[in-house]
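**Student:** sequence first, predicted model second:
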Amino acid sequence: MRVAGIERFGRVVQTLEVAEPRALREGEVLIEVKAAGVGNWDDIVRVGAWEVGRAPPMALGVEAAGIIAALGPGVEGWSVGDEALTHPLPLADQGTWAPWLIARAELLARKPALVSWAVAGAFAVPALTAFQVVDDALRVRPGETLLVNGAGGVTGGLIVSFAVLRGARVLATAGPSSRQQVIRAGAETAVDYHDADWPRRILVATGGRGLDAAANAARGGVAAALRPVRDGGRLATITSDPPEPERGIDISSVYVRPDAAQLERAVQALGGGGLEFKLGARFPLAQAGAALERAKRGTGGAVALEL
Ligand SMILES: NC(=O)c1ccc[n+]([C@@H]2O[C@H](COP(=O)([O-])OP(=O)(O)OC[C@H]3O[C@@H](n4cnc5c(N)ncnc54)[C@H](OP(=O)(O)O)[C@@H]3O)[C@@H](O)[C@H]2O)c1
């Protein structure tokens, strides 16, 4: 089949021929991919720095949405024709930038009818990351005050939404072009990170008490995000740069992991209109390289390949 991916780690993204999907094993389904997400994390896979379960030549892509075309032995609860989305790691065969995907059924979530293919295809990684920051790493409780640094990004914006759904008071950083969207997601205030004094402004917004918790989704932003956190508070970062612990603050570095139950809850919230998630661009499979460049620029929303 014709996919978008790499011949070797470090090579540019191109279209290439790989073998047709193999026979399904116990617990696997075959998905006709309708859309697949493209994120800056795919570049980490491209250079061989994120182990996703297979080596090139390979299709890239670690999230997708599509229609179940066949069931392997022992699959229960799913039927041919069902619509699903998934973050299918470790990859069972090829990545998701392909017309067909083999995935473990236990990693699938149902796609609500109101959610478009492109949105569903680009949703799993940022949504699971945000969910795992808010519920697993920070364990955000109602009434707590939380900072989201980098709330203008796709994942950052979902962290705002999930924290608001948990009843937190959310303070955020965002550039001028993202401010309105961050406020729409439920942040009480969004300070411009271009102002070097922003951590002090956030501290002032807490009445000087300090934040209960902070989520950092901005590359290079974790030290600034730590400053307004109160002694004994919590900080989670998704940019692989956890700071040295200080003042009794609990620090976690979050790496997304597949979780069908979390994904199902997240996509239901999306289908119910409870989340702010912006799709920035759609590309055909043949333009996956351009799609990845767009995702790496990191402004203007999520990026999807449509098949
Ligand atoms: N660990 C994991 O498992 C995991 C999972 C997903 C993502 N990530 C990483 O997390 C980071 C954010 O992901 P994303 O999906 O939200 O990225 P994104 O959609 O590419 O967001 C980038 C946004 O960050 C904002 N930004 C840039 N510089 C900033 C700064 N100095 N301070 C505050 N905000 C700044 C900009 O927003 P404005 O529009 O407001 O200027 C920009 O639009 C990326 O580095 C990504 O690779 C990690």
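**Tutor:** Done, it's in. Numbering: from 1, shown residues only.
**Student:** just the pLDDT at residue 300, thanks.
**Tutor:** Predicted confidence (pLDDT) for residue 300: 86.
**Student:** can you name the residues that contact it?
**Tutor:** By Cβ atoms under 8 Å, 6 or more residues apart in numbering, the residues touching residue 300 are 278, 280-281. In this view, the C-beta of every residue, glycine as well, is placed from N, C-alpha and C.
**Student:** need the strands for the stretch 151-300 of the chain, in chain order.
**Tutor:** Counting by DSSP state E, counting those that start in this stretch, one finds strands in the stretch 151-300 of the chain at the ranges 169-173, 189-191, 211-216, 229-237, 250-253, 279-284.
**Student:** may I see these arranged in a markdown table, with mean pLDDT as well?
**Tutor:** What follows is the strands of the stretch 151-300 of the chain, written out as a markdown table (pLDDT from 0 to 100):
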| stretch | mean pLDDT |
| --- | --- |
| strand 169-173 | 98 |
| strand 189-191 | 97 |
| strand 211-216 | 98 |
| strand 229-237 | 98 |
| strand 250-253 | 98 |
| strand 279-284 | 97 |
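**Student:** was I right about residue 63 contacting residue 89?
**Tutor:** No: with contact defined as Cβ atoms under 8 Å, residue 63 does not count as touching residue 89 (9.3 Å).
**Student:** those two: which is more packed in?
**Tutor:** residue 63 (32 against 20; other Cβ atoms under 10 Å).
**Student:** I'd like to know how far that one sits from the ligand.
**Tutor:** For residue 63, the distance to the ligand equals 10 Å [Cβ to the nearest ligand atom, to the nearest Å].
**Student:** before we move on, what about residue 86?
**Tutor:** Between residue 86 and the ligand the computed distance is 16 Å (Cβ to the nearest ligand atom).
**Student:** swap in residue 244?
**Tutor:** According to Cβ to the nearest ligand atom, residue 244 stands 19 Å off from the ligand.
**Student:** repeat that for residue 303.
**Tutor:** Here the criterion is Cβ to the nearest ligand atom. By it, residue 303 lies 9 Å from the ligand.
**Student:** and that residue, how close does it get to residue 233?
**Tutor:** Separation of residue 303 from residue 233 (Cβ to Cβ, to the nearest Å) stands at 34 Å.
**Student:** within range of the ligand, give me the residues from the stretch 101-250 of the chain.
**Tutor:** Applying Cβ under 6 Å from any ligand atom, one finds that the stretch 101-250 of the chain approaches the ligand through 125-126, 129, 149-150, 152-156, 173-175, 177-178, 193, 217-219, 221, 238-239.
**Student:** just the buried ones from the residues you listed?
**Tutor:** Listed as buried from these are 125-126, 129, 149-150, 152-156, 173-174, 178, 193, 217-218, 221, 238-239; burial here means 16 or more other Cβ atoms under 10 Å.
**Student:** could you pull up the contacting residues of residue 292?
**Tutor:** Residues in contact with residue 292 (Cβ under 8 Å, 6+ apart) are 13, 38, 42-43, 46, 60, 303.
**Student:** redo these as CSV? Include secondary structure and neighbour count.
**Tutor:** What follows is the contacts of residue 292, written out as CSV (DSSP: H, G, I helix; E, B strand; the rest coil; neighbours: other Cβ atoms under 10 Å):
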residue, secondary structure, neighbour count
13, coil, 21
38, strand, 34
42, helix, 28
43, helix, 17
46, helix, 20
60, coil, 26
303, strand, 30
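**Student:** do stretch 275-282 and the ligand meet?
**Tutor:** No: using Cβ under 6 Å from any ligand atom, stretch 275-282 stays clear of the ligand, coming no nearer than 8.2 Å.
**Student:** still on that earlier bit, dump the strands of the stretch 151-300 of the chain to CSV, plus distance to residue 83.
**Tutor:** Converted to CSV, those look like this (distance: least, Cβ to Cβ, whole Å):
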stretch, distance to residue 83
strand 169-173, 32
strand 189-191, 35
strand 211-216, 31
strand 229-237, 32
strand 250-253, 34
strand 279-284, 17
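**Student:** looking at those strands, which is closest to residue 71?
**Tutor:** Smallest distance to residue 71 across those (Cβ to Cβ): 28.7 Å, for strand 279-284.
**Student:** what strands flank that closest one, and is each parallel or antiparallel?
**Tutor:** Within its sheet, and counting by DSSP bridges, strand 279-284 is paired with strand 302-306 (parallel).
**Student:** return the set of buried residues in the strand it pairs with.
**Tutor:** Buried residues in strand 302-306 (16+ other Cβ under 10 Å): 302-305.
**Student:** please consider this matter closed, and thank you.
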